[in-house]
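Colleague: The sequence isn't on hand, but the structure is:
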């Protein structure tokens with residue numbers, strides 16, 4: 001009895017598969033036409049979509065740990081319940097997790113969009129802002145998207161009218177004013193220029209995507225240089241301020257030291273054969289002034305050298321693992337786009353045929369008398 005039931009189930013499955021294949025075969029014309037339509041759409045989109053290239057570089061930030069300079073003292077202090085890092089100001093290193101925030105900051109993006117690059121088809125170098133506001137023409141798909149999906153925003157903007165023009169990029173004490181065009185380009189840069197932080201392995205991957213392969217490499221290289229400069233500025237800000245203060249004090253005391261030195265030498269030249277008590281007293285006073293100025297000057301010279309060493313120690317260094325190279329292939333090939341649309345056409349047509357058949361079966365069973 002059990003074997004008969006199993007045989008009946010296998011037979012039913014075979015009948016269902018045969019019926020499914022027959023349904024698809026009967027509707028083969030509709031499936032072929034649908035796939036052909038999607039194929040034509042895929043070819044059109046592949047031809048009309050601008051190519052996009054991505055260049056990247058991989059670097060490792062060399063971070064010095066101030067706690068290692070304390071040697072075994074930090075371990076002994078920890079056993080006694082003290083934290084030498086807290087007592088000495090801790091590790092002032094800027095965390096690599098903050099680097100993407102620097103990359104997406106408004107000052108960084110303003111500088112990047114105003115940096116001149118070599119654009120394809122342009123004789124002179126120009127900035128990204130100038131290219132996208134004065135030179136680049138709107139593509140077919142961009143215009144289609146603007147006046148279909150983005151049509152409500154276009155109408156809303158026309159109703160409100162153009163906003164009063166302001167000087168974009170003007171920095172006040174606490175804020176920066178951007179124009180509408182600058183804000184749009186800034187958002188574009190946020191999408192096209194990215195920094196991925198691999199906190200597990202400790203490396204950074206900086207990438208930039210543009211419509212030209214060489215331009216992508218230029219933007220990536222410039223963004224890397226800017227990122228290192230911004231990080232260096234943030235990192236050594238405190239040490240640089242201290243160095244500047246010591247340099248000013250050093251120069252002031254150097255002048256006082258040279259003045260005291262010259263006064264003592266001049267007095268000795270004029271009083272070589274004088275042995276009076278007044279002369280000796282004045283010479284001792286000048287000698288004391290000279291010694292005091294020398295001690296202060298010498299101490300500041302040592303502090304100045306230490307401050308310079310501190311700035312060099314705090315300056316971050318990027319070791320390049322993968323240099324920037326000009327990409328040879330675009331991000332999405334035309335064949336990939338065509339394959340995706342063929343798959344979508346096949347899925348849509350088969351789904352429509354099977355769905356229609358399924359709904360017809362349900363309708364028949366629903367209309368049968370009970």
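Modeller: Looks like it came in fine. It should be emphasised that the depicted structure is a prediction, and the values quoted were computed from it without experimental measurement.

Colleague: Walking through the stretch 151-300 of the chain, point out its helices one by one.
Modeller: In the stretch 151-300 of the chain, the helices defined using DSSP state H, counting those that start in this stretch lie at 151-160, 180-192, 213-235, 237-270, 277-314.

Colleague: Tell me which of the ones you listed sits nearest to residue 356.
Modeller: Closest to residue 356 of these is helix 151-160 (CB to CB; 33.3 Å). Bear in mind the C-beta positions are built from the backbone N, C-alpha and C, glycine included.

Colleague: Mean neighbour count, the helices of the stretch 151-300 of the chain: which tops it?
Modeller: Neighbour counts averaged per stretch over the helices of the stretch 151-300 of the chain are highest for helix 213-235, at a mean of 19; criterion: mean count of other CB atoms under 10 Å.

Colleague: as a whole number, average confidence for it?
Modeller: In this model, helix 213-235 has an average pLDDT of 91.

Colleague: packing partners for it?
Modeller: Applying 3 or more CB pairs under 8 Å, 6 or more residues apart in numbering; DSSP states H and E, one finds that helix 213-235 makes contact with strand 53-62, helix 99-103, helix 106-113, strand 116-117, strand 193-198, strand 203-210.

Colleague: Of those, flag the one that's most buried.
Modeller: strand 203-210 (a mean of 21).

Colleague: So which other helices or strands are in contact with that one?
Modeller: Strand 203-210 is packed against strand 53-62, helix 180-192, strand 193-198, helix 213-235, with contacts defined by 3+ CB pairs under 8 Å, 6+ apart.

Colleague: Please name the residues that touch residue 321.
Modeller: With CB atoms under 8 Å, 6 or more residues apart in numbering as the criterion, the residues that contact residue 321 are 58, 59, 60, 203.

Colleague: same check, this time on residue 210
Modeller: By CB under 8 Å, 6+ apart, the contact list for residue 210 reads 52, 53, 192, 216, 219.

Colleague: in these, which two residues are the furthest apart from each other?
Modeller: Taking CB to CB, no two of those sit farther apart than 52 and 219, at 12.4 Å.

Colleague: would you list every one of the helices in the stretch 1-150 of the chain?
Modeller: So, for the stretch 1-150 of the chain - with DSSP H, counting those that start in this stretch - the helices run 2-26, 28-48, 73-79, 84-87, 99-103, 106-113, 128-130, 140-146.

Colleague: Pretty sure residue 257 sits against residue 297.
Modeller: Yes - Residue 257 is in contact with residue 297 according to CB atoms under 8 Å; the separation is 4.1 Å.

Colleague: would JSON lines of the helices and strands packed on helix 213-235 with mean pLDDT and distance to residue 251 be doable?
Modeller: Below are these laid out as JSON lines (pLDDT from 0 to 100; distance: least, CB to CB, whole Å):
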{"stretch": "strand 53-62", "mean pLDDT": "90", "distance to residue 251": "33"}
{"stretch": "helix 99-103", "mean pLDDT": "92", "distance to residue 251": "34"}
{"stretch": "helix 106-113", "mean pLDDT": "94", "distance to residue 251": "32"}
{"stretch": "strand 116-117", "mean pLDDT": "94", "distance to residue 251": "38"}
{"stretch": "strand 193-198", "mean pLDDT": "92", "distance to residue 251": "40"}
{"stretch": "strand 203-210", "mean pLDDT": "92", "distance to residue 251": "39"}
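
Colleague: With distance to residue 361 as new columns, can those be given to me in a markdown table?
Modeller: A markdown table is the format used below for the helices and strands packed on helix 213-235 (distance: least, CB to CB, whole Å):
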| stretch | distance to residue 361 |
| --- | --- |
| strand 53-62 | 49 |
| helix 99-103 | 55 |
| helix 106-113 | 58 |
| strand 116-117 | 62 |
| strand 193-198 | 50 |
| strand 203-210 | 49 |
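
Colleague: Touching, residue 195 and residue 203? I think so.
Modeller: No - shown here, residue 195 and residue 203 do not form a contact pair, counting by CB under 8 Å, at 11.2 Å.

Colleague: and residue 176, which of the helices and strands packed on helix 213-235 is closest to it?
Modeller: Closest to residue 176 of these, according to CB to CB: helix 106-113, at 5.5 Å.
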